[in-house]
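>>> Next input, structure requested:
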Amino acid sequence: MSLNSGPIVLLASNDPALLACFEPLVAAAGLRAQIVLSAEAALAALSGPLPPSLGLLDALLPGMKPGDLLDAVRRSSSGHLLALVMLADDESPEWHDWLATGTLDDLIPRSPQMPHFRIRLDGILRSFHRMRQLEILREAAALNAQRDPLTGLYNRSTLLSMLFRETDRVQRLKIPMTLLLFDLDDFGHWNGRLGHEACDDLLCQTAERISRQLRSYDLLGRAGNDEFLVALPGCDQNYAVKLAERLRKEAFSTPFHVAGALIRLSACFGIAGSDGRSPVVVLREAEAALQHARHAGPESIHCAGVSRQPLAGPIAFLSSNAGDEFLAW
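Predicted coordinates:
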């Protein structure tokens, strides 16, 4: 990890000898140093909106007693994972009480002239760096478990889990929610004609175009190979139909650039209202509505429980006569 991108370690001391010892060790561990010279400045840094994850505190900091500083930091940390190491000239019972209660994570004798001081401090910094790297890997693994590896959208299981929470929320607020399920027409044809790599690119471009048409709090996920699911909190089926029509126009009417060609895609849409019911039931209704739309032909929209719908006709397929040369199916 580079010096500019590493985690920040707070160095709180006004002793030039300690600071001269701190800084090269912090840099060698791949971390960044933030230096403050008083207890008040240390408290402000450790309890701010973007606090460092490790604080090295000199017990002789002016402005506040060490115990008062530790208590104030712990009260204001708001659950932030924060490690505190104190450098002190003595090892009184008070220090050991703070270690036992977790108020303090480690204690180092305040003696920069002694060889073991640098070894001890270097060990703390390297251990902290390894723990931070492990934390980053765990967070990345948790995120990857929730996301479709190709498009970066929520995967089906994660989206279903989120739908249960969202259903509870819209029930409490007494507002509607609608599911919009759609898949790409004749996508198997493009897989056979262009190959999987090009079609993966088409799916990623589709996800990006759809995302641009949604609100920040709408939920979008990849429900299958070429199927996408949108959850629309606060929206009824009429709004979902209008959104599907807008997606036909804004997301699919413009050809996709892939594998050196211009590709015209279209999609069918199935819509189902939540009405506070289990997301599993509503999703099944959306799937059934999508099946009706597929039978009706490309670019069709069908709402669950509605037999006939006066919907706008599908957008006409473009052709090379329009001035662009691209493939159409």
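
>>> how is this protein carved up into domains?
Structural domains assigned to the chain are 8-143, 156-322, following automatic domain parsing.

>>> Could you tell me the least trusted of those?
The minimum mean pLDDT among these belongs to domain 8-143 (a mean of 79).

>>> Would you reformat the domains of the chain as CSV and include distance to residue 150?
From N, CA and C alone the C-beta is placed, and that goes for glycine too. Compiled in CSV, these are given as follows (distance: least, Cβ to Cβ, whole Å):
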stretch, distance to residue 150
domain 8-143, 15
domain 156-322, 6
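
>>> Can you check which of these gets nearest to residue 149?
domain 156-322 (9.8 Å; Cβ to Cβ).

>>> re the thing from before, got the domains of the chain as TSV, with mean neighbour count columns?
As requested, these are exported to TSV (neighbours: other Cβ atoms under 10 Å):
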stretch	mean neighbour count
domain 8-143	16
domain 156-322	17
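
>>> how close does residue 295 get to residue 182?
Plainly put, residue 295 is 15 Å away from residue 182 if you go by Cβ to Cβ, to the nearest Å.

>>> Kindly apply the preceding question to residue 104 instead.
Distance, residue 104 to residue 182, by Cβ to Cβ: 56 Å.

>>> So which residues of this protein form strands?
8-12, 32-36, 54-58, 83-88, 106-109, 177-184, 219-222, 227-233, 256-258, 261-263, 267-273, 301-303 (DSSP state E).

>>> Do I have it right that residue 213 meets residue 250?
Yes. Here residue 213 reaches residue 250: they are 5.7 Å apart, a contact under Cβ atoms under 8 Å.

>>> Surely residue 63 touches residue 38?
Yes. At 4.5 Å, residue 63 counts as touching residue 38 under the criterion of Cβ under 8 Å.

>>> where do the helices sit along the stretch 101-250 of the chain?
In the stretch 101-250 of the chain, the helices defined using DSSP state H, counting those that start in this stretch lie at 115-146, 156-173, 187-194, 196-212, 237-250.

>>> The last one vs strand 227-233, what angle?
Per axes from the mean of the first three to the mean of the last three Cα atoms, to 10 degrees, the angle that helix 237-250 makes with strand 227-233 is 130 degrees.

>>> so what does helix 237-250 touch, helix or strand wise?
Applying 3 or more Cβ pairs under 8 Å, 6 or more residues apart in numbering; DSSP states H and E, one finds that helix 237-250 contacts strand 177-184, strand 227-233, strand 267-273, strand 301-303.

>>> swap the cut-off to 7 Å and go again
strand 177-184, strand 267-273, strand 301-303 (3 or more Cβ pairs under 7 Å, 6 or more residues apart in numbering; DSSP states H and E).

>>> between it and helix 196-212, how many degrees?
Going by the same axes, to 10 degrees, helix 237-250 makes 130 degrees with helix 196-212.

>>> How far does helix 237-250 sit from its chain's centre?
Relative to the chain's own centre, helix 237-250 is displaced by 27 Å; criterion: Cα atoms, centre = their mean, to the nearest Å.

>>> so who does the closest residue in space to residue 41 that isn't next to it in sequence touch?
Residue nearest to residue 41 in three dimensions, not counting chain neighbours: residue 12, with 7.4 Å by Cβ to Cβ, 6 or more residues apart in numbering. Taking Cβ atoms under 7 Å, 6 or more residues apart in numbering, we find residue 12 in contact with 36, 42, 55, 56, 57, 58, 61.

>>> Switch these over to JSON lines; also include distance to residue 281.
Shown next, in JSON lines, are those (distance: Cβ to Cβ, whole Å):
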{"residue": "36", "distance to residue 281": "57"}
{"residue": "42", "distance to residue 281": "55"}
{"residue": "55", "distance to residue 281": "51"}
{"residue": "56", "distance to residue 281": "56"}
{"residue": "57", "distance to residue 281": "56"}
{"residue": "58", "distance to residue 281": "62"}
{"residue": "61", "distance to residue 281": "61"}
